[in-house]
Every structure is written in C-alpha cells, then in structure tokens.
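Q: sequence first, predicted model second:
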Amino acid sequence: MSDPRPLTPEEKLADAKVLLSLPRIVAICGSTRFMAEMTEADLRETVAGRIVVKPGCDMKSPHGLWSDPVEAEALKVRLDDLHRAKIRLADEVLVVGDYIGDSTRAEIAYARTLGRPVRFTHPEVDPDA
C-alpha cells in the first residue's frame with residue numbers, strides 16, 4: 001500500500017538528486033576571514049567528486065557593491081538567506097577554520113536541525129563537541 005502522505009519539498013529534492021545521479025553536495029561554511037581556506041576546501045571537495053556551494057563574496061573586503069552602509073546591511077540579509085538555501089540544498093556541511101563566530105554557529109545549528117551531517121576542518125571548534 002502506498003503512503004497517502006504527500007512528499008515534503010525536502011523529500012522531493014532528495015528523490016530528484018537520486019534520479020539525477022547527482023554527487024553529494026557540500027556547503028562550505030565559516031568566517032569569511034577564511035576565504036583562502038574555503039577555496040582550498042572547495043578544491044579538495046571537488047577533486048573528491050563532490051559538488052561545492054560556498055559563500056560567494058567577502059563583505060569584509062572593500063567593494064563597490066557594498067560600499068553604501070544601508071545597501072550593505074540589506075545585502076547581508078539577502079546573502080544570509082542565500083547561504084541558508086545552500087545549506088538546504090546540500091547533503092552535508094563542511095565548516096572551515098579554527099574560529100566559529102555567531103553567523104557560523106547559527107549556520108551549524110540550522111544544518112543540524114535539517115539533519116545535515118557537519119564536518120569541521122578543525123573539529124575542536126565544534127560548538128556541540
């Protein structure tokens with residue numbers, strides 16, 4: 001007998017990933033002070049055959065796109081929402097760096113509420129260890 005309960009969007013996504021034979025998707029999280037380390041992690045995860053999603057910009061570095069403080073605050077909110085979407089898309093999370101700030105701590109908690117496995121380049125910084 002089939003399950004009368006409709007699939008959740010998350011279950012539909014998981015089924016689609018299987019049907020498409022997609023490799024595992026890894027969301028890289030961490031402070032943007034570790035952008036170079038994130039790039040290295042991206043390289044290693046890609047070579048290992050995984051799809052990688054990670055922060056696309058470092059708002060701590062000067063750029064015209066976030067030079068206006070009001071626009072920068074609105075952009076930060078949008079980028080935080082975008083990164084949570086990347087975590088929802090991912091099969092697992094890799095936290096890069098030896099420091100966990102408030103934003104990264106929130107991303108880890110979010111990933112864990114979704115049931116995503118979380119790996120660390122520095123396991124000693126795991127807030128739940």
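A: Thanks, I have the structure now.
Q: quick one, helices of this protein?
A: Using DSSP state H, the helices of the chain run over 9-19, 35-47, 69-89, 102-113.
Q: the longest one - contacts with which helices or strands?
A: Just to be clear, that refers to helix 69-89. Applying 3 or more C-beta pairs under 8 Å, 6 or more residues apart in numbering; DSSP states H and E, we find helix 69-89 packed against strand 25-29, helix 102-113. Glycine gets a C-beta too; all of them are placed from N, C-alpha and C.
Q: I'd like the mean pLDDT over that helix, please.
A: The pLDDT scores in helix 69-89 average 96.
Q: list the buried ones in it?
A: Neighbour-count burial for helix 69-89 flags 83-84, 86-87 (criterion: 16 or more other C-beta atoms under 10 Å).
Q: quick check: bridge partners of the most centrally placed residue in the chain?
A: Closest to where the C-alpha atoms of the chain average out (C-alpha atoms, centre = their mean) is residue 27, at 3.4 Å. Beta-bridge pairing for residue 27 (DSSP bridges): residue 53, residue 93.
Q: so what's it up against?
A: Going by C-beta atoms under 8 Å, 6 or more residues apart in numbering, residue 27 touches 52-54, 83, 86-87, 89-90, 92-94, 111, 116.
Q: turn those into JSON lines, columns for distance to residue 6.
A: Below are the contacts of residue 27 laid out as JSON lines (distance: C-beta to C-beta, whole Å):
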{"residue": "52", "distance to residue 6": "31"}
{"residue": "53", "distance to residue 6": "27"}
{"residue": "54", "distance to residue 6": "33"}
{"residue": "83", "distance to residue 6": "28"}
{"residue": "86", "distance to residue 6": "25"}
{"residue": "87", "distance to residue 6": "24"}
{"residue": "89", "distance to residue 6": "21"}
{"residue": "90", "distance to residue 6": "24"}
{"residue": "92", "distance to residue 6": "26"}
{"residue": "93", "distance to residue 6": "27"}
{"residue": "94", "distance to residue 6": "32"}
{"residue": "111", "distance to residue 6": "25"}
{"residue": "116", "distance to residue 6": "23"}
